[in-house]
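>>> A predicted structure for the sequence below; I have some questions about it.
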Amino acid sequence: MTATQHVTDIAPDGQVAADLVTAYRENGFVRVRGILGQQEVERFRTAAESILAANRSDSTAGAVFSQLVNVWRLDPTARELTLHSRLAGVAEQLAGVRLRIWHDQMLVKEPHNETATEFHQDQPYWPHEPNRHAISAWIALVDVPPERGCMTFLPGTQHVTGLRPQDLNEEDDLFEADPSLRWLPRVTVPLRAGDCTFHNSHTGHMALPNRTGLARLAHVNIYMDEDTRYSGAAHVVTDPLGLTAGDRLDGEWFPRP
């Protein structure tokens, strides 16, 4: 078998081309190919599989996916990926502001999981004071074609703010919150292992079912504006920290990569 040639959108200085920045700011998402090299992918995938095996009982498992949050605090290899300077550099180039880690998460869609992750925005779930530039780097640690559960995006919805949180299990929930979104074009983005999509926290997106015999394994770095403050709302990341509404989300839990 011939090895797949590594294709990357990352220049030697760690930057991406201006057209990718423009696409992100116009559409609210962009695919960046080859943000991880092949050896990096293998190392991070092996670590992710070990972390999942050791901590599966702690995962938030449901019909949609299994999730582990803040894996960077569990394992030194995961920490390297969450604080990876190449990923953070691209995120800041796309967002146009200085960022820090909000949290990471490992997202696993198990084999033959016929359940879609329905359309939603991320930002309504988070206890943030206005945070317009939060951006998620969704890193594929295995090949993720449509049949393995890649994501579909609603271009331009990064400008839609003020919606309530949506139910990931309800197909129409986002469209009930804003009926105009139902008629937008939908863009499905398959990824090779090592590719990454970046999307704004307000960009509507969903993930397809995994109809294959291989788990869909992704590591997600979520970055927030450097000056983001705590809103006071409940969240699994901030609940144990004893924060007061208005506190800046910084320090050891929310580092700058």
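Noted; the coordinates are in hand.

>>> Tell me where the stretch 51-200 of the chain has helices.
With DSSP state H, counting those that start in this stretch, the ranges of helices along the stretch 51-200 of the chain come out as 76-82, 85-95, 173-177.

>>> between those helices, which one is nearest to Gln39?
When the helices of the stretch 51-200 of the chain are compared by Cβ to Cβ, helix 76-82 sits nearest Gln39, at 12.8 Å. No exception for glycine: its C-beta is placed from N, CA and C like everyone else's.

>>> Restricting to C-alpha, output the closest one in CSV.
C-alpha atoms of helix 76-82 as CSV (Å, rounded to 0.1, in the frame of the first residue of the first chain):
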residue,chain,number,x,y,z
PRO,A,76,1.3,15.1,29.3
THR,A,77,0.9,14.1,25.6
ALA,A,78,-2.6,15.4,25.6
ARG,A,79,-1.3,18.6,27.2
GLU,A,80,1.1,19.0,24.2
LEU,A,81,-1.8,18.9,21.8
THR,A,82,-4.0,21.2,23.8
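
>>> so how far is stretch 75-92 off the chain centroid?
13 Å (Cα atoms, centre = their mean, to the nearest Å).

>>> Can you list the buried residues in that stretch?
Applying a neighbour-count criterion of 16 or more other Cβ atoms under 10 Å, the buried positions in stretch 75-92 are 75, 77-79, 81-84, 86-92.

>>> And stretch 249-256, by the same measure?
Buried residues in stretch 249-256 (16+ other Cβ under 10 Å): Leu249, Trp253, Phe254.

>>> Now flag whichever of those is closest to Pro190.
Nearest to Pro190 among the buried residues of stretch 249-256, with distances taken as Cβ to Cβ, is Phe254, at 31.8 Å.

>>> Correct me if wrong: that closest one contacts Asp104.
No: contact between Phe254 and Asp104 fails when scored by Cβ atoms under 8 Å: they sit 11.4 Å apart.

>>> contacts for stretch 19-38?
Residues from elsewhere that reach stretch 19-38 (Cβ atoms under 8 Å, 6 or more residues apart in numbering): 6-10, 16, 44, 86-87, 90, 93-94, 96, 137, 139, 153-159, 187, 189, 191-200, 202-203, 205.

>>> Save the helices of the stretch 51-200 of the chain as TSV, and put in distance to His219 too.
Formatted as TSV, those follow (distance: least, Cβ to Cβ, whole Å):
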stretch	distance to His219
helix 76-82	6
helix 85-95	10
helix 173-177	25
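
>>> Of those helices, which is nearest Val220?
Across those, closest to Val220 is helix 76-82 (Cβ to Cβ), at 9.3 Å.

>>> elements contacting the closest one?
helix 38-55, strand 99-109, strand 216-225 (3 or more Cβ pairs under 8 Å, 6 or more residues apart in numbering; DSSP states H and E).
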